[in-house]
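Asker: the sequence and its predicted three-dimensional model are supplied below.
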Amino acid sequence: YIEIGSENKPMLRFISPLFDLIKISFFIVYFRPSIVHLNPSLNTKAIIRDSLFALIARVFGVKLIVFFRGWNVNNQWLFETFLLKKLTKILLLADRYLVLNTTVEKYLIAKKVNPSNISRATTVIPDSYSMSDIYIEQSISKEKIRLLFLGRVVVEKGLYELVSSMKKLHGKATLTIVGDGDAWNDLYDEIRQDNKLNAMINIKHSITG
């Protein structure tokens, strides 16, 4: 696992992309991996960055897996525009793709990706894991179920649904939310204004170290 970027070090934000390229090159040379696995979302910074990572992997003859975890149809131009498509095309030449929905799958196939090289993935907990099963297992214990969310505090992460569902647990669980994002202030206010939620949920800014 290679950590990239310097969100917590603003002074390094201009040189960190170059440092990241040097870092991934070093790791490939030093550890000799058989596969490089990239997880881009479809935004300009991520696609350009991961296209360069993919190019480095190809230069060293390493197989490439691309997991498109996020997709924005409005940003498909990143694969179309003349100035970028020479670079971003490298992401359309991977050995294997993981996708979350048919939109991405159809787009890749339209770009001449072999359908047999595309696999469906999910970031959703299967329906077979129900809270009722957890209650049965925990019924002999008086301890509350402790839930933890670590990640970006944004609407897309389903945090409002998670907070709303806590009301149905009737004090049987506690939730700690750790992270930063656009929805932090609104989510914090919603929790603090509801006595039941306030007693069950603790929300913090991101923690490092």
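Answerer: Happy to help now that I have it. Residues are numbered from 1 along each chain as shown.
Asker: okay, now Ser34: neighbour count?
Answerer: 6 (other Cβ atoms under 10 Å). C-beta coordinates here come from the backbone N, C-alpha and C atoms, glycine included.
Asker: now swap in Leu64 and tell me
Answerer: Leu64, neighbours per other Cβ under 10 Å, totals 20.
Asker: any idea how far His37 is from it?
Answerer: 8 Å (Cβ to Cβ, to the nearest Å).
Asker: for Ser25, same thing?
Answerer: 16 Å.
Asker: likewise Leu148?
Answerer: Taking Cβ to Cβ, one finds Leu148 at 25 Å from His37.
Asker: Tyr188 reaches Ile201, doesn't it?
Answerer: No. Here Tyr188 lies out of contact with Ile201, judged by Cβ atoms under 8 Å, at a distance of 9.7 Å.
Asker: nearest the middle, which residue of this protein would you pick?
Answerer: Residue closest to the mean C-alpha point of the chain, counted by Cα atoms, centre = their mean, is Arg69 at 6.1 Å.
Asker: how about that one: what's its closest non-neighbour residue?
Answerer: Asn39 (5.3 Å; Cβ to Cβ, 6 or more residues apart in numbering).
Asker: try Val73
Answerer: Going by Cβ to Cβ, 6+ apart, Val73 has Thr103 as its nearest residue, at 6.8 Å.
Asker: mind saving the C-alpha coords of the strand or helix carrying that neighbour as CSV?
Answerer: Applying DSSP states H and E as the criterion places Thr103 in helix 102-110. Below are the C-alpha coordinates for helix 102-110, written out as CSV (Å, rounded to 0.1, in the frame of the first residue of the first chain):
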residue,chain,number,x,y,z
THR,A,102,-23.2,-0.9,-15.6
THR,A,103,-22.5,2.7,-16.6
VAL,A,104,-18.8,2.2,-16.2
GLU,A,105,-18.9,-1.3,-17.7
LYS,A,106,-20.7,0.0,-20.8
TYR,A,107,-18.3,2.9,-21.2
LEU,A,108,-15.3,0.6,-21.0
ILE,A,109,-16.8,-1.8,-23.6
ALA,A,110,-17.5,1.2,-25.9
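Asker: what residues does it touch?
Answerer: Phe68, Trp71, Val73, Gln76, Leu92, Tyr97, Val99, Pro115, Ile118, Arg120 (Cβ atoms under 8 Å, 6 or more residues apart in numbering).
Asker: many thanks, I have nothing further to ask.
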